[in-house]
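> this one's sequence-less:
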């Protein structure tokens, strides 16, 4: 019943990385002190309306520490839990290609020089890459795993405008296609449940994803985070938002997975912000518990990723 070569009913990232490297692989998040063009005034101010980077940075991530210091702390933290594993340096906070190439080289290579680091994952926007950067990243693939994770969030221009992204869907498609075919692993991140979007929009999103040159995709449900512009909007106009119940979201994700091209690796399907920062929804489950429920429900339904393709 499972896709060929997989031990889950979907093509999960952890399984892919274990097969590639032969050991468990852990991403180590880094805050390298970047900003974003929709935050510093280049394209806008304030950043995305939903964004508060503290919700997904581990405690050891501090931009006043060097990349090396952050990685050393991350390795010490995860090394206590697991004996044999490899690490990927994950440049996660804000837009991690938003600097001159020489500065990017310095940051990326300081990470790659660390013992145990087998590659880098770079979180960025589709409008913040260019040919010289892509040429450089492709040169690194001779010796390292290199991934670009594009924050796309939605395929609807009206949504992108509403959440202050500062780019269009066509720019997203163009950015993905410019990076494709270079031996760089290409991923994309989407938020499910942004204001004004419907179930039909989510299925149309999957159709679009299937046509794009993507190796992996990351989904998670919309969360309302304290001290964000979206939190103020939610307080003022709660009727504009539909926040999923846990059962509702699991059902939707399964039906999206059934339509998703089976070759696409699923990096993530859920994210839980720290309780002290989360306004809603509050499911009371850890990420792995949600995934266990999803897998069990897929097994119960006897379904799998790509079944309806």
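It's in. Worth saying up front: this structure is predicted, and the values here are computed from it rather than measured.
> the helices in the protein, which residues?
Counting by DSSP state H, one finds helices in the chain at the ranges 13-21, 67-79, 101-112, 131-140, 157-162, 169-179, 199-211, 229-236, 246-259, 287-301.
> Of all these, which one comes closest to residue 279?
Closest approach to residue 279 among these (C-beta to C-beta): helix 229-236, 5.9 Å. Yep, even glycine has a C-beta here, placed from its N, CA and C like the rest.
> can you pull the buried residues of the closest one?
For helix 229-236, the neighbour count (16 or more other C-beta atoms under 10 Å) marks 229-231, 233-234 as buried.
> next one: stretch 165-180
Quick answer for stretch 165-180 (16+ other C-beta under 10 Å): 165-167, 169, 171-173, 175-176, 179.
> again with stretch 286-294
Buried, per 16+ other C-beta under 10 Å, within stretch 286-294: 290-291, 293-294.
> Tabulate the residues you listed (JSON lines), appending distance to residue 276.
Listed next are the buried residues of stretch 286-294 as JSON lines, based on distance: C-beta to C-beta, whole Å:
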{"residue": "290", "distance to residue 276": "20"}
{"residue": "291", "distance to residue 276": "23"}
{"residue": "293", "distance to residue 276": "24"}
{"residue": "294", "distance to residue 276": "26"}
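> okay, among the residues you listed, which ones form the most distant pair?
Applying C-beta to C-beta across the buried residues of stretch 286-294, the maximum distance is between 291 and 293, 7.3 Å.
> Indicate which one of the helices of the chain is closest to residue 218.
Across the helices of the chain, closest to residue 218 is helix 13-21 (C-beta to C-beta), at 8.6 Å.
> Report the distance from the closest one to the chain centre.
17 Å (C-alpha atoms, centre = their mean, to the nearest Å).
> counting contacts, what elements does it pack onto?
Helices and strands touching helix 13-21, as assessed by 3 or more C-beta pairs under 8 Å, 6 or more residues apart in numbering; DSSP states H and E, comprise strand 24-30, strand 265-268.
> Identify the neighbouring strands of the longest one in the sheet and state each direction.
Here strand 24-30 is paired, per DSSP bridges, with strand 85-91 (parallel).
> Now render the helices of the chain as JSON lines, adding mean pLDDT.
Shown next, in JSON lines, are these (pLDDT from 0 to 100):
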{"stretch": "helix 13-21", "mean pLDDT": "94"}
{"stretch": "helix 67-79", "mean pLDDT": "91"}
{"stretch": "helix 101-112", "mean pLDDT": "98"}
{"stretch": "helix 131-140", "mean pLDDT": "98"}
{"stretch": "helix 157-162", "mean pLDDT": "97"}
{"stretch": "helix 169-179", "mean pLDDT": "96"}
{"stretch": "helix 199-211", "mean pLDDT": "98"}
{"stretch": "helix 229-236", "mean pLDDT": "96"}
{"stretch": "helix 246-259", "mean pLDDT": "98"}
{"stretch": "helix 287-301", "mean pLDDT": "97"}
